[in-house]
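**Q** A predicted structure for the sequence below; I have some questions about it.
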Number of protein chains: 2
Amino acid sequence: MNLKDLAARLGLSQTTVSRALNGYPEVSEATRQRVAAAAEKYSYRPNTRAKGLATGRSMAIGHVIPISAQHEMVNPVFGDFIAGAGETYAAAGYDMVLSLVQDSQEKRVYREMFAKGNVDGIVVHAPEMQDPRIALLQDIGLPFAVHGRASDVHTPYNWLDMNNKNAFLRATDFLLDLGHKRIGLLNGLETMDFAHRRRIGYVEALLNRGLAVDPQLMRSEEMTENYGYRAVRQMMKLPNPPTAYLVSSMIPAIGIRRAIHDAGLVMGRDISVITHDDDLSYLRNGDDVPLFTATRSSVREAGQQLARILIEQILNPQEAPKTKLLEAELTVGLSTGPNMEGR
Amino acid sequence: MNLKDLAARLGLSQTTVSRALNGYPEVSEATRQRVAAAAEKYSYRPNTRAKGLATGRSMAIGHVIPISAQHEMVNPVFGDFIAGAGETYAAAGYDMVLSLVQDSQEKRVYREMFAKGNVDGIVVHAPEMQDPRIALLQDIGLPFAVHGRASDVHTPYNWLDMNNKNAFLRATDFLLDLGHKRIGLLNGLETMDFAHRRRIGYVEALLNRGLAVDPQLMRSEEMTENYGYRAVRQMMKLPNPPTAYLVSSMIPAIGIRRAIHDAGLVMGRDISVITHDDDLSYLRNGDDVPLFTATRSSVREAGQQLARILIEQILNPQEAPKTKLLEAELTVGLSTGPNMEGR
DNA sequence: AACGTTTTCCAAAGCGATTTGGTAATCGAA
DNA sequence: TTCGATTACCAAATCGCTTTGGAAAACGTT
């Protein structure tokens, strides 16, 4: 059933039917009712492509997920972020189109998306410190919003970020307050902007107390379970091993827990662990009592809010970019305790 | 830059330019070259919506992700499946459009997707035993392919499934061969078809050896880490607790590991665990030695192959539906050992 | 040279919506 | 009664592509 048929069935012109359905005023209330009823009856839905062609908008938003050639890992955070964004899109009538792209091809894909006109805007994932995608998208003139920030990009753009530096500063402070002096940092890849900011927070907290920053205690890798396990096993062999660890995600934190157990120690008593917790739906941090002491910030909520920012930008292209910084919440769980060394 | 402009610049008709770019024969090789060069130079890309309107195809495939109201969890498997499917789509020139939908609304969404014509086909996720979506999609006449199967649906349709029954039968056999008599089953939600089949495999293995099936040893819940922990803690309190566990995914398996440790026991020595492993990129089962004994089947590969099946169906709508059953591979890791009870 | 084929191109008609630029019909006020 | 304004509708243009139905030019054959 298309507009033409529907109009014919109603004995009206396509114009009138279209106007009636789209809420334009130049249609009498009576016919509007009649049209609405018929549309319902024949379950008429305007063809997306035709509508898009006529209006010049596609009512779709693109998410380009870079798959790096070396470590072809899908960010585990991705599912929940998408779920959040998807809720907002659905409510606003937007579709979400996903492209999985080799990161070498990413720029080409952005240009193509614009040229082919199949999205009205783009969400940029996993920004690096001087991420070239931002300048590219500004250059192209395609509305976009970034999940995170790029430290070395200084032109304004839409972003939503968790306050990574502050979260890790507070977490480190918390461990220092418990008497820990040697704290291992298991960071994500520090080419990623978020990881870079986290390290800054960690370092700043140490320096604030006049403590030395030991490169041997700092790691930066992709956040897998094994990474947590391996890194901690190795650091434990140091002459002066850490008494506490700060880790970037629940998944390596689980690996840390395993390493601690394997060494015959107890997490929270012998060794303290704080993790960042993205509040993933399938990896809840304990039922009532949080398992890990953690800085928590819901990635799903981030998805919701960033989607809203982008949609607003699309609707009002002249408006200045919006930014939002979410603060993480520090919840104390069972994985931390006072430094018992030398008691 | 659109077709009209490009044709004007070349002094050719839109027809000729279109044909040249789409590889039709009625264009001389010389002008084809000329057109290709100009298209490249002005980086011309046909507008997706216009092309779709003209051809009647949208070159997009829909994935409807149901979000159930009770437990609004995003399946952790989802990211990797999408990654696999995405590779195939990209290679074949298809876009992927995602809809996150409250499961109560799901049927409406399928109908709308068809009516609005914004996808050429659909991938059905997480089928239940008598999944009504299959009949619905057949009724609508929209090409689709199912990741998994629906036991109670007997009309032919495209599907790709892992041999869940066989995997769990073999895993159970493996534990029985090690001398375990009481084996706990931590299954996924058994309204899901895959979980139902897994239970059948488990039960069949027990019955084959004339062993009783104890309902107290069988659980069926959403596959979170806490689920694994809680269930095993509880089963351990039984007068006659299991000496081994069979679990549906790595994530609850990690919870089981925690429960075993917390009880002061050693996994693989005191208690054996076998898990199914979807081979997720961010949850590898150990580095060189597998951590868990597991039945493994790559969900990413499943995504790739199912996407291929669907695309074929779209291109040849008259062809009979295709099906594919992947066998899981049993890899022995550190989490299993002989039953030491009473030695 | 004549004639049928093949090659190479083009004008125009779609695809299914929105939107522009109207026109009758009705209404109110002078 | 007349005339401008308002109401309620419509025909046709438009978005950017593909595709149909030619038609002119080149070619081959006799």
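**A** Sure thing, it's come through.
**Q** how about the strands in chain A?
**A** A:60-67, A:95-102, A:121-124, A:144-147, A:158-162, A:183-187, A:218-220, A:244-247, A:272-277, A:293-296, A:323-326, A:329-331 (DSSP state E).
**Q** if I pick the closest residue to A:H196 other than its chain neighbours, what's in contact with it?
**A** Take A:H196 and drop its neighbours on the chain: the residue closest to it by C-beta to C-beta, 6 or more residues apart in numbering or on different chains is A:E190, 5.2 Å away. (Glycine included, C-beta is placed from N, CA and C.) Listed by C-beta atoms under 8 Å, 6 or more residues apart in numbering or on different chains, the contact partners of A:E190 are A:196, A:199, A:220.
**Q** Can you tell me how far A:E190 is from B:Y282?
**A** Distance of A:E190 to B:Y282, given as C-beta to C-beta, to the nearest Å: 18 Å.
**Q** Likewise for A:L291?
**A** 19 Å.
**Q** and those two? which has more neighbours close in?
**A** Ranked by neighbour count (other C-beta atoms under 10 Å in any protein chain shown), A:L291 and B:Y282 place A:L291 first, with 26 against 20.
**Q** coming back round to it: and the residue nearest to A:H196, its phi and psi?
**A** phi -80, psi 0 (degrees, to the nearest 10).
**Q** do A:P143 as well
**A** For A:P143, the backbone dihedrals (degrees, to the nearest 10) come out as phi -60, psi 140.
**Q** Please identify which residue in the stretch 101-250 of chain A comes closest to DNA strand C.
**A** Closest residue of the stretch 101-250 of chain A to DNA strand C, C-beta to the nearest atom of the strand: A:G117 (13.2 Å).
**Q** my guess is that residue contacts B:T48, does it?
**A** Yes. Between A:G117 and B:T48 there is a contact under C-beta atoms under 8 Å: 6.1 Å.
**Q** Pull up the overlap in contacts between these two.
**A** Here A:G117 and B:T48 have A:S58 as joint contacts, going by C-beta under 8 Å, 6+ apart.
**Q** how much space between the nearest residue to the residue of the stretch 101-250 of chain A closest to DNA strand C once chain neighbours are set aside and B:R269?
**A** Spatial nearest neighbour of A:G117, excluding adjacent residues (C-beta to C-beta, 6+ apart): B:N47 at 5.0 Å. Distance of B:N47 to B:R269, given as C-beta to C-beta: 64 Å.
**Q** More neighbours: the two, which one.
**A** Neighbour tally, B:N47 and B:R269, criterion other C-beta under 10 Å: the higher count belongs to B:N47, 21 against 14.
**Q** quick one, what contacts that one?
**A** By C-beta under 8 Å, 6+ apart, the residues touching B:N47 are A:53, A:116-117, B:2.
**Q** Let's see if you can find the most crowded of those.
**A** The most crowded member of the contacts of B:N47, judged by other C-beta under 10 Å, is A:G117 (22 neighbours).
**Q** which residues sit in contact with it?
**A** Under the criterion of C-beta under 8 Å, 6+ apart, the neighbours of A:G117 are A:58, B:47-49.
**Q** A:P321: which of those is nearest?
**A** A:P321 has its nearest neighbour among those in A:S58, at 21.4 Å by C-beta to C-beta.
**Q** just checking, the closest one touches A:G52?
**A** Yes. Assessed by C-beta under 8 Å, A:S58 is found in contact with A:G52 at 4.8 Å.
**Q** In the stretch 201-343 of chain A, where is pLDDT below threshold?
**A** Within the stretch 201-343 of chain A, the stretches with pLDDT under 70 are A:342-343.
**Q** For DNA strand D, what's the nearest residue on it?
**A** Using C-beta to the nearest atom of the strand, the single residue of the stretch 201-343 of chain A nearest to DNA strand D is A:P317, 17.2 Å away.
**Q** ok, how many other residues are close to the closest residue in space to that residue that isn't next to it in sequence?
**A** Spatially, and ignoring its direct neighbours in sequence, A:P317 is nearest to A:P143 (6.5 Å; C-beta to C-beta, 6+ apart). Neighbours of A:P143 under the rule other C-beta under 10 Å: 22.
**Q** Next, the contact list for A:P143, please.
**A** Counting by C-beta under 8 Å, 6+ apart, A:P143 touches A:120-122, A:158, A:310, A:313-314, A:317.
**Q** Now which of those would you call buried?
**A** A:120-122, A:158, A:310, A:313-314 (16 or more other C-beta atoms under 10 Å in any protein chain shown).
**Q** Can you convert those into CSV and add a column each for distance to B:Q304?
**A** CSV is the format used below for those (distance: C-beta to C-beta, whole Å):
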residue, distance to B:Q304
A:D120, 29
A:G121, 29
A:I122, 25
A:N158, 34
A:L310, 30
A:Q313, 35
A:I314, 33
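**Q** Dump these to TSV, plus distance to DNA strand C.
**A** Below are these laid out as TSV (distance: C-beta to the nearest atom of the strand, whole Å):
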residue	distance to DNA strand C
A:D120	14
A:G121	18
A:I122	23
A:N158	25
A:L310	21
A:Q313	20
A:I314	15
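**Q** of all the residues you listed, which two lie farthest apart?
**A** For the buried ones among the contacts of A:P143, and using C-beta to C-beta, no pair is farther apart than A:D120 and A:N158, which are 13.6 Å apart.
**Q** quick one on the thing from earlier: mind putting the contacts of A:G117 into TSV with pLDDT and distance to A:I256?
**A** Putting the contacts of A:G117 into TSV (pLDDT from 0 to 100; distance: C-beta to C-beta, whole Å) gives the following:
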residue	pLDDT	distance to A:I256
A:S58	95	45
B:N47	97	51
B:T48	95	47
B:R49	96	50
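**Q** Show me which pair in these is furthest apart.
**A** Farthest pair in these (C-beta to C-beta) is A:S58 and B:N47. Separation: 9.7 Å.
**Q** Just the helices from chain A, written as ranges.
**A** Secondary structure of chain A by DSSP state H: the helices cover A:3-10, A:14-21, A:29-41, A:48-55, A:78-92, A:106-116, A:132-140, A:164-177, A:193-208, A:225-236, A:250-262, A:299-315.
**Q** Can you get me the centre-to-centre distance for the second one and its chain?
**A** If I follow you right, that is helix A:14-21. Distance, stretch centre to chain centre, for helix A:14-21: 40 Å (C-alpha atoms, centre = their mean, to the nearest Å).
**Q** Number of residues surrounding A:H154?
**A** By other C-beta under 10 Å, 7 other residues sit near A:H154.
**Q** my bad, should have said A:L246
**A** A:L246, neighbours per other C-beta under 10 Å, totals 29.
**Q** measure A:I311 to A:Q105 for me?
**A** To A:Q105, A:I311 is 27 Å away according to C-beta to C-beta.
**Q** buried stuff in stretch A:84-97?
**A** Of all the residues in stretch A:84-97, those buried under the rule 16+ other C-beta under 10 Å are A:84-90, A:92, A:94-97.
**Q** In CSV, list those residues along with distance to A:L136 and pLDDT.
**A** Shown next, in CSV, are the buried residues of stretch A:84-97 (distance: C-beta to C-beta, whole Å; pLDDT from 0 to 100):
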residue, distance to A:L136, pLDDT
A:G84, 25, 94
A:A85, 21, 96
A:G86, 25, 94
A:E87, 28, 92
A:T88, 25, 95
A:Y89, 23, 96
A:A90, 28, 92
A:A92, 26, 95
A:Y94, 22, 96
A:D95, 23, 95
A:M96, 21, 96
A:V97, 19, 95
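**Q** List just the nearest of those residues to A:A7.
**A** Closest to A:A7, out of all of those and judged by C-beta to C-beta, is A:D95, at 26.2 Å.
**Q** How about the closest one, nearest residue that isn't a chain neighbour?
**A** Nearest residue to A:D95, sequence neighbours excluded (C-beta to C-beta, 6+ apart): A:A60, at 4.2 Å.
**Q** again with A:D214
**A** A:R182 (7.2 Å).
**Q** ok, the nearest residue to A:L3 once chain neighbours are set aside - how many residues close by?
**A** For A:L3, ignoring the flanking residues on the chain, the nearest one in space by C-beta to C-beta, 6+ apart is A:Q14 at 5.1 Å. For A:Q14, the neighbour count with other C-beta under 10 Å is 14.
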